[in-house]
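S.K.: what would the 3D arrangement of this be:
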Amino acid sequence: MLKKFSLLFLVCSTAILTSCGGGDIGGGVGEFTTVNATATATNNNFESDIVTDNICTAGVQTTPGTVKTDNVDVDFTSKSQFTTGALNLAISKITIHYTPAPGGTVPAPALPDSYVNFSDTVAPNATVTIPVPILTRDQKLDLLNRATQAMPVCTGTTFRYYVDIIFEVSEPGGNGQVKPVTAKTTLDVADSQ
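M.R.: The predicted model follows:
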């Protein structure tokens with residue numbers, strides 16, 4: 001019996017120890033060696049015009065507009081865990097992930113992830129505002145020109161997405177791990193009338 005109890009204790013202790021320092025303390029917070037990091041979109045419901053400055057008359061586009069990239073600002077914050085010895089964080093890449101969401105006038109088509117090569121450092125106890133391309137010109141053109149489920153202009157049609165903006169972050173001088181820090185927002189894509 002003692003042998004079985006010892007074996008059970010060893011297995012449980014190993015499981016507890018290996019789960020320590022998992023890197024995400026919940027709620028979108030990245031935990032590093034000396035700092036914690038959060039990312040928050042400054043706009044929780046971003047509205048994107050698929051065509052800007054076009055004029056619609058009775059549901060028909062009478063004056064063309066332009067198709068351009070829309071950015072959303074994200075506040076990336078690093079907060080030191082200790083009074084001294086906190087290290088900078090390095091952001092190396094941003095991934096924008098889209099999930100079709102309820103709430104549009106029609107179901108939204110799938111959008112592939114988009115990526116931004118990015119290189120910046122964030123000092124401990126600092127917040128940096130980063131403009132992130134939430135919907136690029138090329139993505140808008142793809143939505144306008146799809147063979148099926150294309151975005152019609154001048155109709156009031158809306159596509160809605162849940163968006164995860166995922167920063168790949170490391171702590172140079174820390175444990176060397178790259179960890180995700182995620183900001184969330186909702187994206188409504190439409191054409192103004």
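S.K.: backbone torsions only: list them for the spatially most central residue of the chain.
M.R.: By Cα atoms, centre = their mean, the mean C-alpha position of the chain lies nearest to residue 165, the distance being 0.8 Å. Backbone torsions of residue 165, given as degrees, to the nearest 10, read phi -110, psi 110.
S.K.: same check, this time on residue 139
M.R.: phi -70, psi -40.
S.K.: my read: it touches residue 114, true?
M.R.: Yes: counting by Cβ atoms under 8 Å, residue 139 touches residue 114, with 6.7 Å between them. C-beta coordinates here come from the backbone N, C-alpha and C atoms, glycine included.
S.K.: the more surrounded of those two?
M.R.: residue 139 (22 against 17; other Cβ atoms under 10 Å).
S.K.: picking that back up, list the contacts of the residue nearest to the centre of the chain.
M.R.: Residues near residue 165 by Cβ atoms under 8 Å, 6 or more residues apart in numbering: 39, 41, 72, 74, 94-96, 132, 134, 182-185.
S.K.: please apply the same query to residue 149.
M.R.: Counted by Cβ under 8 Å, 6+ apart, residue 149 has contacts residue 109.
S.K.: show me the shaky parts of the chain.
M.R.: 1-28, 192-193 (pLDDT under 70).
S.K.: picking up where we left off before, which among the contacts of residue 165 end up buried?
M.R.: The neighbour count (16 or more other Cβ atoms under 10 Å) marks 39, 41, 72, 74, 94, 96, 132, 134, 182, 183, 185 as buried among the contacts of residue 165.
S.K.: returning to what we had before: ok, the contacts of residue 165 vs residue 62, which is closest?
M.R.: residue 134 (28.4 Å; Cβ to Cβ).
S.K.: could I get the contacting residues of the closest one?
M.R.: Residue 134 touches 46, 48, 70, 71, 72, 96, 163, 165, 185, 187, counting by Cβ under 8 Å, 6+ apart.
S.K.: nice, that's everything, thank you.
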